[in-house]
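Engineer: Here is a sequence together with a model predicted from it:
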Protein chains: 2
Amino acid sequence: MDQVEVFKALSNKTRLQILSWLKDPEVHFPAQAQNGYANGVCVGQIHAKSSLTQSTVSEYLSSLQRAGLISSTRVGQWTYYKRNEEAFKALSKLIEADI
Amino acid sequence: MDQVEVFKALSNKTRLQILSWLKDPEVHFPAQAQNGYANGVCVGQIHAKSSLTQSTVSEYLSSLQRAGLISSTRVGQWTYYKRNEEAFKALSKLIEADI
DNA sequence: AATATATATCGGTTATTCCCGATATGCCAA
DNA sequence: TTGGCATATCGGGAATAACCGATATATATT
């Protein structure tokens, strides 16, 4: 876990917002219900809720993934992203004990 | 607690290093022993251990303070900085529960 | 094969961060 | 009050981040 990379990924309002949306996908992405939430939520749904362009949202998701905070699954033409809860637990402990 | 500001403050190798030094001032700033560590460590000591200029270190300390992660006490011509441990606890809990 | 849809990537503009050297400010001592 | 030391602030150059529009890539449909 590259600490600086993680904190940089968290240093942006929109990226924090995305993480918060992904915490309750049923609430924030009801349109996804038909496909289930096991793999997470696809980029288009996240983009639809954001006020940024598709390319920016895609970049932001990549950066969150590089930081290890979310993971992705490709299914057909869709890429689903979901939170990596272990990473958040680890980060919480890191801050509590090491930083 | 402005989350983005806090994460930005933590998004830098040197600033993380300073926080880590301040965690064990007795170990990392033995020269400060004569004055005690109650108020923390003065800027000059921190600067001496860093490989950056005095002005940069001073800016970094200000940004950590604006984020609420450290606090300062002025004594004579010296400014002492120390960690604000409550802020780290709060951040740890925030990440565990809210982010 | 042609077309449509979802996502990723590329090139660019503007804003922000990273650092520096120079200088200002504040405090103390002679 | 002059000078010296500790720290803060200011102005700036270079690197990185924040976005965007356009385009490329991958998959699916007809």
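Structural biologist: Happy to help now that I have it.

Engineer: A:T73 - that's part of a helix, no?
Structural biologist: No - A:T73: not assigned to a helix; according to DSSP: H, G, I helix; E, B strand; the rest coil it is strand.

Engineer: Can you list the residue ranges for helices in chain A?
Structural biologist: A:3-9, A:13-23, A:25-28, A:43-49, A:54-66, A:85-97 (DSSP state H).

Engineer: Which one, of these, ends up nearest to B:S11?
Structural biologist: Across the helices of chain A, B:S11 has its closest neighbour in helix A:3-9 (4.2 Å, C-beta to C-beta). (C-beta placed from N, C-alpha, C; glycine too.)

Engineer: Can you list the buried residues in that closest one?
Structural biologist: Neighbour counts using 16 or more other C-beta atoms under 10 Å in any protein chain shown place A:3, A:6-9 of helix A:3-9 among the buried residues.

Engineer: List the contacts of the residue nearest to A:K23 when sequence neighbours are not counted.
Structural biologist: Nearest non-adjacent residue to A:K23, counting by C-beta to C-beta, 6 or more residues apart in numbering or on different chains: A:R83, 6.6 Å away. Residues in contact with A:R83 (C-beta atoms under 8 Å, 6 or more residues apart in numbering or on different chains) are A:19, A:22-23, A:40, A:69-70.

Engineer: if I pick A:T73, what's in contact with it?
Structural biologist: Applying C-beta under 8 Å, 6+ apart to A:T73 gives the contacts A:39-40, A:79-80, A:82.

Engineer: Filter the residues you listed down to the buried ones.
Structural biologist: Buried members of the contacts of A:T73, scored by 16+ other C-beta under 10 Å, are A:39-40, A:79-80, A:82.

Engineer: Show me which of the residues you listed is closest to DNA strand D.
Structural biologist: DNA strand D lies nearest to A:T79 out of the buried ones among the contacts of A:T73, by C-beta to the nearest atom of the strand, at 9.7 Å.

Engineer: From what I see, A:T79 and A:G44 are in contact.
Structural biologist: No - the criterion here is C-beta atoms under 8 Å, and A:T79 misses it with A:G44 at 9.4 Å.
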